[in-house]
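1. need coordinates for the following:
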Amino acid sequence: MPSAVLDEGGQKIGRVGAITQLLEVISSPSGTGVRGFPTGPGANGEVDNMDLLATQLQPVIDDLIAQGVNQIILMPHLQVLANERLLATKLSGVDIILAAGSDTRLGDANNTAAFGLTSNSLFGV
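-> Next up is the predicted model:
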């Protein structure tokens, strides 16, 4: 399922997921393939390609907006925070990105969360 919509207090909240394009290289997904990769270094040509991922995700985001979704949360697990940051510049209509998988520390020396708001996405700085 490319997306899901939750209704919370009259607000339609869209959730969109994405997984690293290197899934077949770092895991054993039991026959799961990554769309768009006929060649490259991975088992079936996978590479980090945020342009390709954005072209796959934007129609899903646009569909949610057309359905009247009020807020859109992208939940990628791309392994490298820089990938989520780059992806954010290539998408429109996303309100929050909850990045996962990079093990990047997003707090200060006292474990206080440090976040910054960029054009359309929330990221740790």
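
2. so how many other residues sit close to the nearest residue to Ala99 once chain neighbours are set aside?
-> Nearest in space to Ala99, with sequence neighbours left out and distances taken as Cβ to Cβ, 6 or more residues apart in numbering, is Glu84 at 3.9 Å. (Glycine included, C-beta is placed from N, CA and C.) With neighbours defined by other Cβ atoms under 10 Å, the count for Glu84 comes to 24.

3. kindly report the same for the one 4 residues further on.
-> Other residues within reach of Ala88 by the criterion other Cβ under 10 Å amount to 21.

4. so which elements touch the one helix or strand the residue nearest to Ala99 maps to?
-> Following DSSP states H and E, one finds Glu84 within helix 81-90. When contacts are defined as 3 or more Cβ pairs under 8 Å, 6 or more residues apart in numbering; DSSP states H and E, helix 81-90 sits against helix 50-66, strand 71-77, strand 96-97, strand 122-124.

5. send me the first one as PDB with only the CA atoms.
-> Pointing back at helix 50-66 there. Provided in PDB are the C-alpha atoms of helix 50-66 (Å, rounded to 0.1, in the frame of the first residue of the first chain):
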ATOM      1  CA  MET A  50      16.400  10.400  -5.100                       C
ATOM      2  CA  ASP A  51      15.300  11.700  -8.500                       C
ATOM      3  CA  LEU A  52      13.700   8.300  -9.300                       C
ATOM      4  CA  LEU A  53      12.300   8.000  -5.800                       C
ATOM      5  CA  ALA A  54      10.700  11.400  -6.000                       C
ATOM      6  CA  THR A  55       9.100  10.600  -9.300                       C
ATOM      7  CA  GLN A  56       7.600   7.500  -7.700                       C
ATOM      8  CA  LEU A  57       6.400   9.300  -4.500                       C
ATOM      9  CA  GLN A  58       5.000  12.600  -6.000                       C
ATOM     10  CA  PRO A  59       2.000  10.900  -7.700                       C
ATOM     11  CA  VAL A  60       1.100   9.300  -4.400                       C
ATOM     12  CA  ILE A  61       1.400  12.600  -2.600                       C
ATOM     13  CA  ASP A  62      -0.600  14.400  -5.300                       C
ATOM     14  CA  ASP A  63      -3.400  11.800  -5.000                       C
ATOM     15  CA  LEU A  64      -3.600  12.300  -1.300                       C
ATOM     16  CA  ILE A  65      -3.900  16.100  -1.800                       C
ATOM     17  CA  ALA A  66      -6.700  15.500  -4.400                       C
END
